[in-house]
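1. coords please:
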Amino acid sequence: MLDAVGLSTFAVIGASKALDAGLAVVPAMLLGVITAVGGGTIRDTLVGRIPTVLRTGLYAIPALVGAAVTVATVETGLYGLPAELGAAAACFLIRMLGLHFGLNAPEPPETRPSGGRTRRRK
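-> Numbering: from 1, shown residues only. All right, here's what the predicted structure looks like:
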């Protein structure tokens, strides 16, 4: 749960700081995601684990949603503490629902195992 809180917080802060620095909408969203996912990746690497973003499904997607909500509220002039909390809550909720229900992001078809072998599209 604390990981989801950190993910949410860094997604919102990263996106808002990127906009403050003058970045455009899409780079600000991407920087929010990189900031959020990067912290967990560094943590996992330091303790000798495979990073969470590489082994579970819904990790970068909730960060993208949180960053997108942040950017949308800034661009529409609605940004403030309620908007920050709403963006962080959206990210947190998606991450926790993913953990609770075991949801994963879709995988590309050519990487799904089929009888122990990797299938390739023709």
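
2. Wait, a helix at Asn104?
-> No: looking at Asn104 with DSSP: H, G, I helix; E, B strand; the rest coil, it is coil, so not inside a helix.

3. Next up, the contacts around it.
-> For Asn104, the contacting residues are 56-58, 98, by Cβ atoms under 8 Å, 6 or more residues apart in numbering. Every C-beta, even on glycine, is put in place using the N, C-alpha and C of the backbone.

4. low-confidence ranges in this protein?
-> Low-confidence segments of the chain, defined by pLDDT under 70: 108, 111-122.

5. circling back to that earlier point, so of the contacts of Asn104, which ones are in helices?
-> Residues of these located in helices (DSSP state H): Gly98.

6. okay if I get the contacts of Asn104 as TSV plus neighbour count and distance to Val25?
-> Below are the contacts of Asn104 laid out as TSV (neighbours: other Cβ atoms under 10 Å; distance: Cβ to Cβ, whole Å):
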residue	neighbour count	distance to Val25
Thr56	16	28
Gly57	15	26
Leu58	20	23
Gly98	19	25
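
7. So which residues of this structure form helices?
-> Per DSSP H, the chain has helices spanning 2-20, 25-46, 52-55, 60-75, 81-101. These are given in chain order.

8. quick one: which of those is nearest Glu107?
-> For Glu107, the closest of the helices of the chain is helix 52-55, at 12.4 Å, according to Cβ to Cβ.

9. returning to what we had before: distance to Asp20 added to the contacts of Asn104, as TSV?
-> Converted to TSV, the contacts of Asn104 look like this (distance: Cβ to Cβ, whole Å):
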residue	distance to Asp20
Thr56	31
Gly57	31
Leu58	28
Gly98	30
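
10. if you look at the contacts of Asn104, which of them are in strands?
-> Judged by DSSP state E, strands contain none of the contacts of Asn104.

11. Out of the contacts of Asn104, which comes closest to Thr45?
-> Once Cβ to Cβ is applied, the member of the contacts of Asn104 that ends up nearest Thr45 is Thr56, at 15.5 Å.

12. Pull the contacting residues for that closest one.
-> Counted by Cβ under 8 Å, 6+ apart, Thr56 has contacts 98-99, 104.
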